[in-house]
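Participant: Quick one, structure for this:
(one chain, ligands or ions: 2)
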Amino acid sequence: MADRNEPVVAADPAVIAGLDHYLTLPIKQQPTWTDLEQVASVRKQLSALPPLVFAGEVDILRDRLAQAAAGKAFLLQGGDCAETFADATADRIRNRVKTLLQMAVVLTYGASLPVIKMGRMAGQFAKPRSSDTETRGDVTLPAYRGDIVNGYDFTPESRATDPNRMLQAYNTSASTLNLIRAFTQGGFADLRSVHEWNRGFADNPANNRYKALADEIDRAVKFMDACGADFDALRTTEFYVSHEGLLLDYERPLTRIDSRTGTPYITSGHFIWIGERTRQLDHAHVDYLSRVRNPIGVKLGPTTSVEDTLELIERLDPNREPGRLTFITRMGAGKIREELPKLVEAVRDSEAQPLWITDPMHGNGITTKNGYKSRRFDDVMDEVRGFFEVHKALGTFPGGVHVELTGDDVAECLGGSENIDEASLEERYETLCDPRLNHMQSLELAFLVAESLAARN
Ligand code: PEP
Ligand code: MN
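Facilitator: Ligands and ions are numbered 1, 2, ... in the order given. Modelled structure (predicted):
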């Protein structure tokens, strides 16, 4: 019997959930903060700020992703490699949302499947790097780790870590998400106005193809309207936000205990993924994300073993909960047909049912002769094709695409119908990190994916 005079200590749900266990584990890709007191102060401030997303939304997303894993929906996830504070402007956010919505229209109509729309947006500020430092000429400085950690300019002041940037990342995410919610709930995304979205876009094969599709949709909508269908549901659309859960000094204070269920949710975004460089089984990131309720993604590169894949399922989805786990494969066009089948086959035979999506960007990096980090549009397309082929051969569902894109007219990836060449990179290369598909290339990719999906049905 407990002593009646003993004080009753309320059990702390965060302690019960073991949220801080990650602190005892090895961790990769974190900044070397210099002002630890400031880090503690910022963490405290973050923990008092309102959540950016709500547990109820996260639960709905999990259900949607379960549909995709079962072959009844398709996930479209895209956005910048690295968002920046400077680019969180109304125009740029609108262009990105618009591009994703246009891609979703192409996919929905082409494949007759519901499309789950998800931005790499409103929180994609932390970047893993291959080296802690960057050298230019005879100067070596800390590497740029994303706007949430330090600045991109190559000066000691800018490259110094600054914990206050985590607050700026929170605020920028909040204003980005606010605009996304306004766009997707306020009528901007009304399916009946898909034509409007073409205004201002150049005469180009992808745009013209899009216009033709918009005409078809128009006709279908008019027909249904005449039949008396109720189109209120077309006025708004669900849109989710996601980012790599890399910087745990940011994610931990934004993890909240849901009052309905007493369980922890990361509230900095709906969907959080673990990158290729931080998916070690016994390290901090896998442990931390195993303890939260959000749907979780894990990037799988070409060296991923079958054993690690199965063990990731054990750790991140021990209950085999539909929609909980997404594998984002990024093998490279030259490797996907060789490396992906064994993973998909082993997972299929284990009777786990994660969602499989393709990231056709990160395995296809090249450096151009004139020194730009780029990707060939044809390689991106080829990896997408390989992804569909592998799943078709194994009887599993190719459930989505994960792409780095922008709604703007940049020249960062080579090829596509505009034939972007190496010289164009010198004029319109804007990314601070990886090269993104531009508006047109994104639409072209959507048409290819829609065709592959339709062929599968
Ligand atoms: C990214 O998604 O920007 C990234 C760094 O990917 P990966 O972890 O797959 O290398
Ligand atoms: Mn990237």
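Participant: Might one say that Ala169 is in contact with Arg145?
Facilitator: No. Taking contacts as C-beta atoms under 8 Å, Ala169 lies outside contact range of Arg145: 11.8 Å. Where you see a C-beta, it was placed from the backbone N, CA and C, and this is true even at glycine.
Participant: So those two - more neighbours on which side?
Facilitator: Ala169 (27 against 24; other C-beta atoms under 10 Å).
Participant: And the more buried one, how far from Ile93?
Facilitator: The gap separating Ala169 from Ile93 is 15 Å, by C-beta to C-beta, to the nearest Å.
Participant: Output the set of residues of this protein in proximity to ligand 2.
Facilitator: Cys81, Asp434 (C-beta under 5 Å from the ion).
Participant: Give the buried residues for the helix or strand bottoming out on mean pLDDT in the chain.
Facilitator: Here the helix or strand of the chain ranked lowest by mean pLDDT, DSSP states H and E is helix 205-226, holding a mean of 82. Within helix 205-226, the residues that count as buried by 16 or more other C-beta atoms under 10 Å are Ala206, Asn207, Arg209, Tyr210, Leu213, Ala214, Ile217, Val221.
Participant: and Ala455, how many neighbours?
Facilitator: 10.
Participant: actually Gly365, not the one I wrote
Facilitator: 14.
Participant: The closest residue to Leu432 other than its chain neighbours - how many residues pack around it?
Facilitator: Excluding its sequence neighbours, the residue lying closest to Leu432 (C-beta to C-beta, 6 or more residues apart in numbering) is Tyr152, at 5.1 Å. Residues lying near Tyr152 (other C-beta under 10 Å) number 14.
Participant: surely Tyr152 meets Ala143?
Facilitator: No. If you go by C-beta under 8 Å, Tyr152 and Ala143 don't touch, sitting 10.3 Å apart.
Participant: what residues does the stretch 201-350 of the chain put near ligand 1?
Facilitator: Contacts of the stretch 201-350 of the chain with ligand 1, taken as C-beta under 6 Å from any ligand atom, map to Glu244, Gly275, Glu276, Arg277, Lys299, Arg330.
Participant: what about the one residue in the stretch 351-457 of the chain that gets nearest to ligand 2, is that helix, strand or coil?
Facilitator: Nearest residue of the stretch 351-457 of the chain to ligand 2 (C-beta to the ion) works out as Asp434 at 3.5 Å. Put simply, Asp434 is coil when judged by DSSP: H, G, I helix; E, B strand; the rest coil.
Participant: Distance-wise, check Ala160 relative to Phe223.
Facilitator: 61 Å.
Participant: what residues are up against the closest residue to ligand 1 within the stretch 151-300 of the chain?
Facilitator: Among all residues of the stretch 151-300 of the chain, Gly275 sits closest to ligand 1, at 3.1 Å; criterion: C-beta to the nearest ligand atom. The neighbours of Gly275, taking C-beta atoms under 8 Å, 6 or more residues apart in numbering as the test, are Gln29, Pro128, Glu244, Leu246, Lys299.
Participant: Could I get the contacting residues of the residue of the stretch 351-457 of the chain found nearest ligand 1?
Facilitator: Closest residue of the stretch 351-457 of the chain to ligand 1, C-beta to the nearest ligand atom: His362 (4.0 Å). Applying C-beta under 8 Å, 6+ apart to His362 gives the contacts Glu276, Lys299, Gly301, Arg330, Asp434.
Participant: ok now the least confident helix or strand of the chain, how far from the chain's centre?
Facilitator: Mean C-alpha position of helix 205-226 versus that of the full chain (C-alpha atoms, centre = their mean, to the nearest Å) differs by 29 Å.
Participant: which strands and helices sit next to it?
Facilitator: Packing partners of helix 205-226 (3 or more C-beta pairs under 8 Å, 6 or more residues apart in numbering; DSSP states H and E): helix 90-111, helix 439-456.
Participant: and the angle for it with helix 439-456?
Facilitator: Going by axes from the mean of the first three to the mean of the last three C-alpha atoms, to 10 degrees, helix 205-226 is angled at 60 degrees with respect to helix 439-456.
Participant: What's the first helix or strand after helix 205-226?
Facilitator: strand 240-244 (DSSP states H and E).
Participant: Might one say that Pro354 is in contact with Thr326?
Facilitator: Yes. Using C-beta under 8 Å, Pro354 is in contact with Thr326, at 6.2 Å.
Participant: Residues in contact with both of the two, list them for me.
Facilitator: Ala69.
Participant: before we move on, the earlier item: reduced to three states, what does the residue nearest to Leu432 come out as?
Facilitator: coil.
Participant: Which parts of stretch 355-366 count as buried, going by neighbours?
Facilitator: Leu355, Trp356, Ile357, Thr358, Asp359, Pro360, Met361, His362, Gly363, Asn364.
Participant: May I ask you to confirm that Tyr265 belongs to a helix?
Facilitator: No. When classified by three-state DSSP, Tyr265 is found to be strand rather than part of a helix.
Participant: Contact partners for it?
Facilitator: Pro51, Ala55, Val58, Thr255, Arg256, Ile257, Asp258, Val292, Arg293, Asn294.
Participant: closest to Arg181 among these?
Facilitator: Pro51 (13.7 Å; C-beta to C-beta).
Participant: show me what contacts that closest one?
Facilitator: By C-beta under 8 Å, 6+ apart, the neighbours of Pro51 are Leu254, Arg256, Tyr265, Thr267.
Participant: Model confidence score at Lys28, please.
Facilitator: We have a pLDDT of 98 for Lys28.
Participant: I'd like to know how far it sits from ligand 2.
Facilitator: 16 Å (C-beta to the ion, to the nearest Å).
Participant: ok, and the closest non-adjacent residue to that residue?
Facilitator: Thr278 (5.2 Å).
Participant: ditto for Glu57
Facilitator: His270 (6.0 Å).
Participant: what about the one you found, neighbour count?
Facilitator: His270: 30 neighbours (other C-beta under 10 Å).
Participant: Any chance you could list what contacts stretch 305-313?
Facilitator: Contacts of stretch 305-313 (C-beta under 8 Å, 6+ apart): 279, 281, 286, 298, 300, 320, 325, 327, 342-343, 346-347, 350, 352, 354.
Participant: and these, which are buried?
Facilitator: Neighbour counting with 16+ other C-beta under 10 Å marks Arg279, Val286, Val298, Leu300, Leu325, Phe327, Leu343, Ala346, Val347, Ala352, Pro354 as buried within the contacts of stretch 305-313.
Participant: Using the three-state scheme, assign Pro318.
Facilitator: Classified using three-state DSSP, Pro318 is coil.
Participant: OK, contacts around the closest residue to Phe239 other than its chain neighbours?
Facilitator: Leaving aside its sequence neighbours, Phe239 sits nearest to Thr184 (C-beta to C-beta, 6+ apart; 4.3 Å). Residues near Thr184 by C-beta under 8 Å, 6+ apart: Val97, Leu101, Thr236, Thr237, Glu238, Phe239.
Participant: Many thanks, we can stop here.
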